[in-house]
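> Here is my input; please provide its structure:
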Amino acid sequence: MKTPARKKKSTVLEMAEPFEGPIDIMIGRVKAGDMGAPFEVDNLEALCDLKEDNLAEFQRTLDTLQKAGVETPDLNAALKQGLESKKGRPSQAEELVAIGEGSGVDLFHDGSLEPFAFLQDKGTWKTWPVNSGGFKRWLIRAYRERTKRLAGAEPLKTALRTIETTAIDERPERPVHTRAAVLDGTTYIDLANKKGQVLEVGPGGWRVVEDYPVRFLHLPGLLPLPVPVQIPLPVDGPLEELRDFLNVDDDGFILALSWLLSVLRGSGPYPLLVISGEAGSAKSTFAGFMRELVDPNDAPLSAMPADEDDLFVLGQYAHVLSFDNIGGNLTPGISNALCQIAIGGSKPKRKLYTVADVATIKAKCPVILNGITEFVTQADLADRAIFLSLEHIPDSRRRSPADMHAAFEEARPRILGALVEILVHGLDKLPSIDTENLPRMADFGRLGEACETAYAEPGTFAKAYRGNRNKVAEAVVENNPVALAIYEYMFLRRRENKGGLWMGTAAELLSILDLHVGEGAARSQYWPKTSTAMGNALIKHALALRKLGVVVNSKRSASNGGRIKTIQFIPPKEPAATTDTTDTTDTRDPPLVSVGKFLNLNDITPLTDTTDTCVPLKKEEIKKERGGGSVHGTKPTDRWDA
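Numbers count the residues shown, from 1 in each chain. All right, here's what the predicted structure looks like:
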């Protein structure tokens, strides 16, 4: 059986595409019957340059011309005369290098030794990778304007290699950014317009500038941001306009607004924005508006890549990634890659056609995900995300996409002005924000708290973010049979002895939960079959369980050195807001209300084991104690078997 060819990885950069130079055009004319084409002055010069730059390719070209009917002796004589006249003159490759390294071009390289050029193209300052199609087209056009001749393919390749070497070995290292950057506490936001304007945002205010100290990459698809309208605080009017375009509840709007401010800040780490809702709840429209406000692109929504390598390539030079209509659970590889991209990660790869050279792909950017089902099930990824559930849109409130986009474009400069004004306020307040008791995405949490007093009461953001994270933890536990079984088991123990503690090995816990969920569920492919798998599941879901009051710890046994697991149900208390002095003693039911309703916990007969340290009973004893069946009184397969 023939092995299929391996698919070549996609790339963000527009690399050197096939180029038809003057020699290719000349050969085409000869094959069409024009035998005088090789003897024209420009073509003779191109052949002379080819002979100097690449003798092997020159000989192949002569063979092609001879087979097409060109008289070789006459051509050799003309070439000899042309070479004599070229003595002392720079070659075409040298002329191209002189343009590419000229005074109007700022060459540099980044931390991964990728070469870049900062130059003015058609009146606009742009940053391009030296090996990109954009820089190559600029070089060809500049050479033609200066010499009135076409650049040959071989001289162009030689010149590009030389310019790359100069940028890496002789020019300074500088970071390259897309759309937003932070330098010395000041944020720079690339408007990407024809004037080359950038927003300079700091604690003291913001302004539009055309001279700035950072370098922004300009890749195909990048669209301009509007120049913001200057609106002093309070900015209630533009925020009300924004609220009309975002189909979320009040807490969801606070979190969406905080996410936009984090993206404009430009430093990260960034929480993933996960959007879900029923069909017709405007998920794609919501995601598109969120991206257009901070990083417009001619392809605002795209499909999720097939593997993590492609995802890293997309994130390398992107400011915002937005993936549409995700169906089914994300794979572990994609989930891990999204975790890395959210906080900033790298992926080393061996360079093509080399043995020892390594290319490192670095990515850190905000990500938007949207879909109908709950597709984020990995606990680590969920803990780095904001989950927004969109509300149902009745027909009486539904608007046509054309009308919505027209209204959005008209309001966008005002909304952007309001966002920038709030960001200025946040940057001014940021140093005073308490650094204790910060959430997982600490930088996002601090910025959210610093910005909130520009548009809401103190504590509004913290309350919305804390509530969202608790709901995320509930969703993670609900969607995993092991985590749900642990929660249910510990809840039942606590309901009987008020603070139940379990202690034992992973193998002992597996034997208890096997009987707790029933034989059908224990045979499911999603259920651990070994003590190692159960131990890994405990580690994997410990974070989500802790948010719901189930604390998992592990320690070595003093007697035999084995690893002992301790699980205790301690319902979490809601922390008080900084300005609230009311009593925060927890008198509520356990926090996983949705799971409680799902499991009908009020109708379940509690476990009879009330010891603080639980040693598993034998299988027959447990069955006898529980009446020979599941503690639910229903078949476990109703919940976990596919």
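> make it CA atoms for all contacts and neighbour counts henceforth
Noted.
> give me every residue that touches F289.
Contact partners of F289, counting by Cα atoms under 8 Å, 6 or more residues apart in numbering, are F245, F408.
> which of the residues in stretch 358-375 are buried?
360-372, 374-375 (16 or more other Cα atoms under 10 Å).
> Span of that stretch from start to end?
Stretch 358-375 has an end-to-end distance of 34 Å (Cα to Cα, to the nearest Å).
> Give the next helix or strand downstream of whatever helix or strand I368 lives in.
Assigning secondary structure by DSSP states H and E places I368 in strand 367-371. Tracing the chain C-terminally past strand 367-371 and defining elements by DSSP H and E, one meets helix 379-382 next.
> Tell me where the model's unsure across the stretch 451-600 of the chain.
496-499, 557-562, 571-600 (pLDDT under 70).
> Okay, strands next: where are they in it?
501-504, 550-556, 563-569 (DSSP state E, counting those that start in this stretch).
> Any idea which of those strands gets closest to E164?
strand 550-556 (53.3 Å; Cα to Cα).
> neighbours of the closest residue to V201 other than its chain neighbours, just the number please.
The shortest distance from V201 to any non-neighbouring residue, by Cα to Cα, 6 or more residues apart in numbering, is to T187 (5.0 Å). Using other Cα atoms under 10 Å, T187 is surrounded by 24 other residues.
> list the buried ones in the one helix or strand T187 maps to?
Using DSSP H and E, T187 sits in strand 186-190. Within strand 186-190, the residues scored as buried using 16+ other Cα under 10 Å are T186, T187, Y188, I189, D190.
> likewise stretch 431-449?
For stretch 431-449, burial by neighbour count (16+ other Cα under 10 Å) applies to P439, M441, D443, F444, G445, R446, L447, G448, E449.
> Among the residues you listed, which one sits closest to G328?
M441 (25.8 Å).
> Which one of the strands of the stretch 451-600 of the chain lies nearest to T147?
Smallest distance to T147 across the strands of the stretch 451-600 of the chain (Cα to Cα): 73.6 Å, for strand 550-556.
> Check which strands are paired with the closest one and give the direction for each one.
Paired with strand 550-556 in the same sheet, following DSSP bridges, are strand 563-569 (antiparallel).
> count of residues packed around the nearest residue to M35 once chain neighbours are set aside?
Distances taken as Cα to Cα, 6+ apart put V70 closest to M35, at 6.0 Å, once the chain neighbours are dropped. By other Cα under 10 Å, 21 other residues sit near V70.
> pLDDT wise, what is A363 at?
Listed pLDDT for A363 reads 89.
> Let me know which of the strands of the stretch 451-600 of the chain is the nearest to D110.
From those, taking Cα to Cα, the stretch that ends up closest is strand 550-556, at 43.4 Å.
> CA atoms only for that closest one - export them in PDB, please.
Provided in PDB are the C-alpha atoms of strand 550-556 (Å, rounded to 0.1, in the frame of the first residue of the first chain):
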ATOM      1  CA  VAL A 550     -13.700  19.000  47.700                       C
ATOM      2  CA  VAL A 551     -10.100  19.300  48.700                       C
ATOM      3  CA  VAL A 552      -7.800  16.600  47.300                       C
ATOM      4  CA  ASN A 553      -4.300  16.100  48.800                       C
ATOM      5  CA  SER A 554      -1.600  13.500  48.500                       C
ATOM      6  CA  LYS A 555       1.200  12.400  50.800                       C
ATOM      7  CA  ARG A 556       3.600   9.600  51.400                       C
END
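> distance between that strand and the chain's centre?
Offset of strand 550-556 from its chain centre (Cα atoms, centre = their mean, to the nearest Å): 33 Å.
> returning to what we had before: give me the subset of the buried residues of stretch 431-449 lying in helices.
D443, F444, G445, R446, L447, G448, E449 (DSSP state H).
> Figure out which of the strands of the stretch 451-600 of the chain is closest to A78.
Taking the strands of the stretch 451-600 of the chain one by one with Cα to Cα, strand 550-556 is closest: 85.1 Å.
> if we look at the closest one, which residues are touching it?
By Cα under 8 Å, 6+ apart, the surrounding residues in contact with strand 550-556 are 487, 490, 538, 542, 545-546, 562-571.
> among those residues, which two are most distant?
G562 and P571 (28.6 Å).
> higher neighbour count, the two?
Neighbours around G562 and P571, counted as other Cα under 10 Å, are more numerous at P571. The numbers are 22 against 11.
> does L225 sit in a helix, a strand or a coil?
At L225 the chain is in coil, as set by DSSP: H, G, I helix; E, B strand; the rest coil.
> Hmm, it is touching L191, no?
Yes. The pair L225 and L191 passes the contact test of Cα atoms under 8 Å, sitting 4.8 Å apart.
> Am I right that L388 sits in a strand?
Yes. Counting by three-state DSSP, L388 is located in a strand.
> if I look at it, how far off is V248?
Counting by Cα to Cα, the gap from L388 to V248 is 7 Å.
> again, but for P224
27 Å.
> What residues sit buried inside stretch 330-346?
Buried residues in stretch 330-346 (16+ other Cα under 10 Å): 330-331, 334-335, 337-345.
> quick one: the helices in the stretch 401-550 of the chain?
Applying DSSP state H, counting those that start in this stretch to the stretch 401-550 of the chain gives helices spanning 401-429, 442-452, 460-478, 481-497, 506-517, 519-522, 531-547.
> for the first one, the distance to its chain's centre please.
So that's helix 401-429. Using Cα atoms, centre = their mean, the offset of helix 401-429 from its chain centre is 22 Å.
> what angle do that helix and strand 186-190 make?
Helix 401-429 and strand 186-190 are oriented at 160 degrees to each other (axes from the mean of the first three to the mean of the last three Cα atoms, to 10 degrees).
> Would you mind listing the buried residues in helix 401-429?
Neighbour-count burial for helix 401-429 [16+ other Cα under 10 Å]: 408, 412-429.
> before we move on, what SS does V208 have?
Classified using three-state DSSP, V208 is strand.
> who's in contact with the nearest residue to F491 once chain neighbours are set aside?
Of all residues not flanking F491 in the chain, F569 sits nearest, at 6.9 Å (Cα to Cα, 6+ apart). When contacts are counted by Cα under 8 Å, 6+ apart, F569 touches M490, F491, R494, G499, G500, L501, G549, V550, V551.
> Out of those residues, grab the one that's most surrounded.
Most surrounded of these: other Cα under 10 Å gives F491, at 26 neighbours.
> which residues touch R412?
So R412 contacts P226, L293 (Cα under 8 Å, 6+ apart).
> per-residue confidence for it?
For R412, pLDDT reads 97.
> From L510, how far off is it?
R412 is 55 Å from L510, by Cα to Cα.
> what do you get for G344?
36 Å.
> any idea how far the residue nearest to F491 lies from L543?
According to Cα to Cα, F569 and L543 sit 14 Å apart.
> repeat for A475
13 Å.
> And for F289?
F289 is 32 Å from L543, by Cα to Cα.
> now V358
Distance from V358 to L543, by Cα to Cα: 35 Å.
> same deal with P401?
41 Å.
> go on, K429?
K429 is 31 Å from L543, by Cα to Cα.
> Kindly report the same for V420.
According to Cα to Cα, V420 stands 35 Å off from L543.
> cool, E145 as well?
Where L543 is concerned, E145 sits at a distance of 63 Å (Cα to Cα).
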